[in-house]
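**Student:** Build me a structure from this.
(one chain, ligands or ions: 1)
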Amino acid sequence: MEFQYFDAHSHVQDKDFDKDREDMLDALAWMKIGTVAVGTDLASSEAAVALAQRRDPVFAAVGQHPTDTDEAFDEAAFARLAREPRVVAVGECGLDYFRADDVAAARAKQVPLFEAQIALAAQVQKPLMIHARPSRGTMDAYREILDMLTSAKREYGDALTANLHFFAGGLDEARAFLDLGFTLSFTAVLTFARDYDEVVRFAPLDRILAETDAPYVAPAPNRGRRNDPRAVQAVVAALAGIRSEEEEVVRQATVENTVRTFRLHKPERP
Ligand SMILES: [Zn+2]
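**Tutor:** Residues are numbered from 1 along each chain as shown. From the prediction side, this is the model:
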């Protein structure tokens, strides 16, 4: 399947889509919009894989979110899922201190979970889908992820790659992740907030991806409503506007970048 647009991160397996998922995926197929259905725990990862095996526009990422669940990380189950051909990334995983009352305690819990998934990604040679949310007024989660991935990169070399989902870091963090060879993905937040414009302009065209994070983060003027992967078009338009580039150029680049990052050249079916 040739893609017109590629939404690098969504949750189309979520219950929010139970009523109209098949119609929505038919529309995506017709519009040639691809998406990566991202798991946040074992059940949603399994659902993402099942959907990706059944529907062409959908690929899957499997992983455990740092704060969405309290379940223990089932290494064997995730290792089995991560090897599925339609699985293109490990995650979303990372560090999230945004709502932590005690950052040290959150860190102690989240770091081993993230480390297990870094090792898994290196082992199956698939990129990490990184979730990072610092505590208020800091870049702590980004700085710590950078440290962890810098040393992981020393250990695993080229086997370790990553996309920073919903990138909300500053210029320094962007530069550091780009130096590691990673990509940054942006959401429809760009349609209503100006906080990321500098980073969006700074990142090279061949390192940016467009994502919806659907059902979350609907673009203006639909804020607060359920989002879906079709909104990737609004994200591409926003990226192009902020960067003062042709929308067609950005559309093509984001598709190519996503195909390259997630190695979608030969999407096999089991
Ligand atoms: Zn997400």
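
**Student:** quick one: the helices in the stretch 51-200 of the chain?
**Tutor:** Per DSSP state H, counting those that start in this stretch, the stretch 51-200 of the chain carries helices over the ranges 75-82, 103-124, 140-156, 171-179, 197-202.

**Student:** Format those as a markdown table; extra columns: mean pLDDT and mean neighbour count.
**Tutor:** The C-beta positions use only the backbone N, C-alpha and C, and glycine is treated the same way. Below are the helices of the stretch 51-200 of the chain laid out as a markdown table (pLDDT from 0 to 100; neighbours: other Cβ atoms under 10 Å):
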| stretch | mean pLDDT | mean neighbour count |
| --- | --- | --- |
| helix 75-82 | 98 | 16 |
| helix 103-124 | 97 | 18 |
| helix 140-156 | 97 | 18 |
| helix 171-179 | 98 | 17 |
| helix 197-202 | 98 | 16 |
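
**Student:** Let me have those helices in CSV, extended by distance to Met31.
**Tutor:** Compiled in CSV, those are given as follows (distance: least, Cβ to Cβ, whole Å):
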stretch, distance to Met31
helix 75-82, 28
helix 103-124, 30
helix 140-156, 34
helix 171-179, 30
helix 197-202, 24
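
**Student:** Quick one: closest of those to Leu95.
**Tutor:** helix 140-156 (4.2 Å; Cβ to Cβ).

**Student:** Assign a three-state SS to Asp7, would you?
**Tutor:** Following DSSP: H, G, I helix; E, B strand; the rest coil, we place Asp7 in the strand state.

**Student:** you'd agree it is up against Glu211?
**Tutor:** Yes: Asp7 lies in contact with Glu211 (Cβ atoms under 8 Å); the separation is 5.6 Å.

**Student:** More neighbours: those two, which one.
**Tutor:** Using other Cβ atoms under 10 Å, the more surrounded residue of Asp7 and Glu211 is Asp7, with 34 against 29.

**Student:** Give the full set of residues in contact with that one.
**Tutor:** Contact analysis of Asp7 by Cβ atoms under 8 Å, 6 or more residues apart in numbering lists 33-36, 210-212, 214, 229, 231-232, 235.

**Student:** Return the set of buried residues in stretch 177-194.
**Tutor:** 177-178, 182-191 (16 or more other Cβ atoms under 10 Å).

**Student:** now those residues as a markdown table including distance to Met139?
**Tutor:** Converted to a markdown table, the buried residues of stretch 177-194 look like this (distance: Cβ to Cβ, whole Å):
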| residue | distance to Met139 |
| --- | --- |
| Phe177 | 12 |
| Leu178 | 15 |
| Phe182 | 16 |
| Thr183 | 19 |
| Leu184 | 14 |
| Ser185 | 18 |
| Phe186 | 17 |
| Thr187 | 19 |
| Ala188 | 23 |
| Val189 | 17 |
| Leu190 | 19 |
| Thr191 | 24 |
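
**Student:** give me the low-pLDDT residue ranges for the protein?
**Tutor:** Within the chain, the stretches with pLDDT under 70 are 266-270.

**Student:** so where does Thr40 fall, helix or strand?
**Tutor:** When elements are assigned from DSSP states H and E, Thr40 belongs to no helix and no strand.

**Student:** wait, it sits on Gly63?
**Tutor:** Yes: counting by Cβ under 8 Å, Gly63 is a contact partner of Thr40 at 7.4 Å.

**Student:** So for the two, which residues contact both of them?
**Tutor:** Residues touching both Thr40 and Gly63 (Cβ under 8 Å, 6+ apart) are Glu92.

**Student:** Which of these two has more residues huddled nearby?
**Tutor:** Neighbour count, other Cβ under 10 Å: between Thr40 and Gly63, Gly63 has more, with 34 against 23.

**Student:** ok, now how distant is that one from Val90?
**Tutor:** Gly63 sits 5 Å away from Val90, taking Cβ to Cβ, to the nearest Å as the criterion.
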